[in-house]
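Student: Dropping a prediction and its sequence here:
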Amino acid sequence: ETGVTQTPRHLVMGMTNKKSLKCEQHLGHNAMYWYKQSAKKPLELMFVYNFKEQTENNSVPSRFSPECPNSSHLFLHLHTLQPEDSALYLCASSQRTRGNTIYFGEGSWLTVV
Amino acid sequence: GIQVEQSPPDLILQEGANSTLRCNFSDSVNNLQWFHQNPWGQLINLFYIPSGTKQNGRLSATTVATERYSLLYISSSQTTDSGVYFCAVHVDSNYQLIWGAGTKLIIKP
């Protein structure tokens, strides 16, 4: 238990579906992240939120839409995905003033069919 | 940009063996972290170690910032140590971690 909870753990969706991934952190952190991990590739940072404000968007396609309603919750809305978007999506959080030690959720395994 | 290289890429050991994993980085860093990713995808932070040595049970880590490398030691390996070990560095005050490609460790019973 890392203090970061992701749901669902597994998701299969068609290319025309709309779904959302949810992340919640119970650590009192002020920064939250979405990462993508594809097979045989390094972790890719997708989005960063600091105090609910998006501070990083690493050229992520618009079919991925993040939402951060407060410092404890982060969503990733998915729409008209492609099969190559199938991957493990990891949420993480950190506290900037405590040296950026970063804590990850268990991940959401996404398969696009 | 900064390069982070891990070695070896793969390592297969018998239970009980010791191992050393290495992380080299090409420029000065603000901090360095070691992570373990289990076969189910969970990434666990092992050490936050910008310099010096830390120990946690059978695991220890040493970072020599002036020589731009860090080592992760695993002693008396257990099958539950299997997985991928990543190092990641921060290069400045932004939020981006630069990740190595990982070392895949398999511990055989």
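Tutor: Received, thanks.

Student: And for A:A39, the neighbour number?
Tutor: Look at A:A39: counted by other CB atoms under 10 Å in any protein chain shown, it has 7 neighbours. In this view, the C-beta of every residue, glycine as well, is placed from N, C-alpha and C.

Student: and if you look at the one 3 residues further on?
Tutor: Counted by other CB under 10 Å, the residues lying close to A:P42 total 16.

Student: That one should be in a helix, yeah?
Tutor: No: the assignment for A:P42, made by DSSP: H, G, I helix; E, B strand; the rest coil, is coil rather than a helix.

Student: give me every residue that touches it.
Tutor: Contacts for A:P42 (CB atoms under 8 Å, 6 or more residues apart in numbering or on different chains) come out as B:99-102.

Student: Without its sequence neighbours, what residue ends up closest to B:L72?
Tutor: Counting by CB to CB, 6 or more residues apart in numbering or on different chains, B:L72 lies nearest to B:L21, which is 4.4 Å off, once chain neighbours are set aside.

Student: Where does the prediction get shaky in chain B?
Tutor: For chain B, the stretches flagged by pLDDT under 70 are B:92-95.

Student: change it to 80
Tutor: B:91-96 (pLDDT under 80).

Student: what does chain A give?
Tutor: Flagging of chain A using pLDDT under 80 yields the residue ranges A:1-2, A:40, A:51-58, A:96-100.

Student: Near chain B, which residues of it? Just list them.
Tutor: A:2, A:31, A:33, A:37, A:42-43, A:45, A:48, A:50, A:55-56, A:88, A:90, A:92, A:94, A:96, A:99-104, A:106-107, A:109 (CB under 8 Å from any CB of the partner chain).

Student: hmm, back to that, and the residue nearest to B:L72, how far from chain A?
Tutor: 16 Å (CB to the nearest CB, to the nearest Å).

Student: Show me how far stretch B:84-94 is from its chain's centre.
Tutor: Stretch B:84-94 sits 10 Å away from the centroid of its parent chain (CA atoms, centre = their mean, to the nearest Å).
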